[in-house]
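Asks: Give me the fold of what follows.
(chains A and B)
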2 protein chains.
Amino acid sequence: MPTEVVDNPSTRLEREASRVAADVDAFFADLLPVTGDAREPLFEAMRHAAIGGGKRLRPLLTVAAGNMFAIQRQRALRVGCAIEAIHVYSLIHDDLPCMDDDDLRRGKPTVHKAFGEAVAVLAGDSLHALAFEIVADPESHEDPNVRAELTLELARAAGPAGMAGGQMLDLEAEGRELGMPEIARLQQLKTGALIEYSVEAACILNRLHPEARTPYRGYARNVGLAFQIADDLIDHQGDEEAAGKRLGKDEDAGKATFVSLLGADRARQQAELLVEQACEHLSDHGSEADLLRAIARFAIERDR
Amino acid sequence: MPTEVVDNPSTRLEREASRVAADVDAFFADLLPVTGDAREPLFEAMRHAAIGGGKRLRPLLTVAAGNMFAIQRQRALRVGCAIEAIHVYSLIHDDLPCMDDDDLRRGKPTVHKAFGEAVAVLAGDSLHALAFEIVADPESHEDPNVRAELTLELARAAGPAGMAGGQMLDLEAEGRELGMPEIARLQQLKTGALIEYSVEAACILNRLHPEARTPYRGYARNVGLAFQIADDLIDHQGDEEAAGKRLGKDEDAGKATFVSLLGADRARQQAELLVEQACEHLSDHGSEADLLRAIARFAIERDR
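Replies: Predicted structure coming up:
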């Protein structure tokens, strides 16, 4: 019997995810060379955080959406790396003792554990600035309108109306009882804004008018929320070794999550519904959107 | 005897500095409204740090350089506020217990003293992102090339090749004996890069080719260094109340400064020489550069 070599969507996703992960690592290795001066601990800390590890969901989304629009892969990847730089900086700061106080991230010591708190603050700040340097560089796109819009929307997704605002809501949530609408808003800001930007960035590269971006942003919003519910499920019942980080944190801190509010079964049903809705946003597309559809399904089928 | 109402350069500088300070306050008050949701402590912390206080040297430089190029004042001011946002974010993070551990800044409690460390980290991160949102917004300039270049150069000045890299050199300097070239490089990155950008930003708004910006960047580099030497002199022998912050820190920490290396007298002479050199870079200009010349002199004649 011959071996079956069907390129089904999940195999293709696995292959593309591995390729994106390797490309993101290579990009950061190139961007963050050994300096040979006293700034070396800073660059070492940035490499520690940015290279090797993580699901690379955000650059994968940008590359997959870019693929749907037939955008040059290298171009989508570059912007995806800027988004990943923002994501990694937020993890470094989020892990600090004054924030979540985590020792382990992506299966390695967190940056402040390995390099001290001061270097961790600076490594986060440096990756934050680098993200904007990446998108504003002429290499990102020859059209300055595209570069300026990539910058503007990235700043909005990262700032107090996006990710940083969501972190603040998360801080304020400790010891308070949040309901579903509050949890949904918190997550929409904290992780949703940057995930939505990951898909919108491909729309901007494709010079889509803001109104024409609506279904793609809708797809990303649903995927982001599904992803978060899956994260809560993993946090509730997952395997720390597979996850590469401490689990059960939210429960220990008495924080409400989708799982604590809905229960595991209803939360899982909700996540499945969100994945269906995400795929409906892509109904005008044929096979060129298959990778995005596979990512939506992967969001809730993973164990880390 | 009639009252003398001569508009000499230093009177004009004083007036312009007050006006810029008031405009920067108004800009941030407008940008950072009361949110009415759980993000309020974050916005309150940003307002605490960004409004009321500071010399506003950087926006003043941008406005003065913009004035020389006959750029709309509002336009230069807006970019100056983005630079100030970066400066303020760096002060918030620099004051953290894990960095310089300061309790007092601009005569007020530091952000982590007033709002806690976690909010201080997030307030710094938020101002960092907002800076890029300000420069990338179409309101900054109608030409997207200008916006993209403003973004790119700001990211470079703030990141590991600029301010954040300088902060790292500063961390590494503790307990080591730095010589003059090392101190000069540290300061060129830590404070010089953003001061240089403050003038370069006006050149970019004026659509000057990078090569044509050389004298203006030279002016800014000299002013930045003179300003730093004056800071070291104030830190060495100044008045804490006038300065609005703890003094003698570098000496207490055993850090080399321009003053510890050169002695107060030679340091002052060096600063005066830098101011002369700064003004020489403006020798092609007439009275339209008087404000920049007055800023250079102010750099070393202040007591805070």
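Asks: Could you pull up the residues touching the residue of the stretch 201-304 of chain A found nearest chain B?
Replies: Here the stretch 201-304 of chain A gets closest to chain B at one residue, A:Ile204, 12.0 Å apart by Cβ to the nearest Cβ. Just so you know, the C-beta spots here come from the backbone N, C-alpha and C atoms, and that holds for glycine as well. Contacts for A:Ile204 (Cβ atoms under 8 Å, 6 or more residues apart in numbering or on different chains) come out as A:Val146, A:Glu149, A:Leu150, A:Glu153.
Asks: ok, A:Ala173 touching A:Arg185?
Replies: No: the criterion here is Cβ atoms under 8 Å, and A:Ala173 misses it with A:Arg185 at 10.7 Å.
Asks: And the contacts of the helix or strand hosting A:Gln277?
Replies: Assigned by DSSP states H and E, A:Gln277 falls within helix A:264-280. With contact meaning Cβ under 8 Å, 6+ apart, helix A:264-280 is reached by A:218-220, A:222-223, A:225-226, A:229-230, A:232-233, A:236-237, A:258-259, A:262, A:293, A:296-297, A:299-300.
Asks: got it, and stretch A:128-147?
Replies: Contacts of stretch A:128-147 (Cβ under 8 Å, 6+ apart): A:31, A:75, A:78-79, A:81-83, A:85-86, A:89, A:148, A:150-151, A:154-155, A:158, A:204-205, A:207, B:125, B:128-129, B:132, B:136, B:143-145, B:147-149, B:151-152, B:154-156, B:158-160, B:162, B:164.
Asks: swap the cut-off to 7 Å and go again
Replies: Contact partners of stretch A:128-147, identified using Cβ atoms under 7 Å, 6 or more residues apart in numbering or on different chains, comprise A:31, A:75, A:78-79, A:81-82, A:85-86, A:89, A:150-151, A:154, A:204-205, A:207, B:125, B:128, B:132, B:144-145, B:148, B:151-152, B:155-156, B:158-159, B:164.
Asks: List the buried residues of it.
Replies: By 16 or more other Cβ atoms under 10 Å in any protein chain shown, the buried positions in stretch A:128-147 come out as A:128-137, A:140-141, A:143-147.
Asks: Same check on stretch A:98-112?
Replies: A:Cys98, A:Met99, A:Asp100, A:Asp102, A:Arg105, A:Arg106, A:Thr110, A:Val111, A:His112.
Asks: The first one falls within a strand, correct?
Replies: No: with DSSP: H, G, I helix; E, B strand; the rest coil as the criterion, A:Cys98 is coil rather than part of a strand.
Asks: surely it meets B:Val119?
Replies: No: here A:Cys98 does not reach B:Val119: they are 9.2 Å apart, not a contact under Cβ atoms under 7 Å.
Asks: got the residue ranges for the strands in chain A?
Replies: Remark: strands assigned in chain A by DSSP state E are A:104-105, A:108-109.
Asks: and the closest residue to A:Leu291 other than its chain neighbours, what is it in contact with?
Replies: Among residues not flanking A:Leu291 along the chain, A:Ala64 sits closest, at 4.1 Å (Cβ to Cβ, 6 or more residues apart in numbering or on different chains). Residues near A:Ala64 by Cβ under 7 Å, 6+ apart: A:Leu291, A:Leu292, A:Ile295.
Asks: Can you read off the pLDDT for the last one?
Replies: What the model reports for A:Ile295 is a pLDDT of 96.
Asks: Show the contacting residues for it.
Replies: For A:Ile295, the contact set (Cβ under 7 Å, 6+ apart) comprises A:Leu13, A:Leu60, A:Leu61, A:Ala64, A:Val223.
Asks: 6 Å instead?
Replies: A:Ile295 makes contacts with A:Ala64, as judged by Cβ atoms under 6 Å, 6 or more residues apart in numbering or on different chains.
Asks: Any stretches of the stretch 101-250 of chain A with poor pLDDT?
Replies: A:238-243, A:245, A:247 (pLDDT under 70).
Asks: ok, now how distant is A:Leu208 from A:Ser198?
Replies: Separation of A:Leu208 from A:Ser198 (Cβ to Cβ, to the nearest Å): 15 Å.
Asks: Show me which of those two is the more surrounded one.
Replies: More neighbours surround A:Ser198 than the other of A:Leu208 and A:Ser198, with 28 against 15 (other Cβ atoms under 10 Å in any protein chain shown).
Asks: was I right about the more buried one contacting A:Leu61?
Replies: Yes: between A:Ser198 and A:Leu61 there is a contact under Cβ atoms under 6 Å: 4.1 Å.
Asks: and the residue most central in space within chain A, what is it in contact with?
Replies: Closest to where the C-alpha atoms of chain A average out (Cα atoms, centre = their mean) is A:Arg58, at 4.0 Å. A:Arg58 sits next to A:Ile83, A:Glu84, A:His87, A:Ser198 when contact means Cβ under 6 Å, 6+ apart.
Asks: Closest one to B:Gly53 out of the residues you listed, please.
Replies: A:His87 (33.4 Å; Cβ to Cβ).
Asks: Give me the neighbour count for the closest one.
Replies: Using other Cβ under 10 Å, A:His87 has 23 other residues around it.
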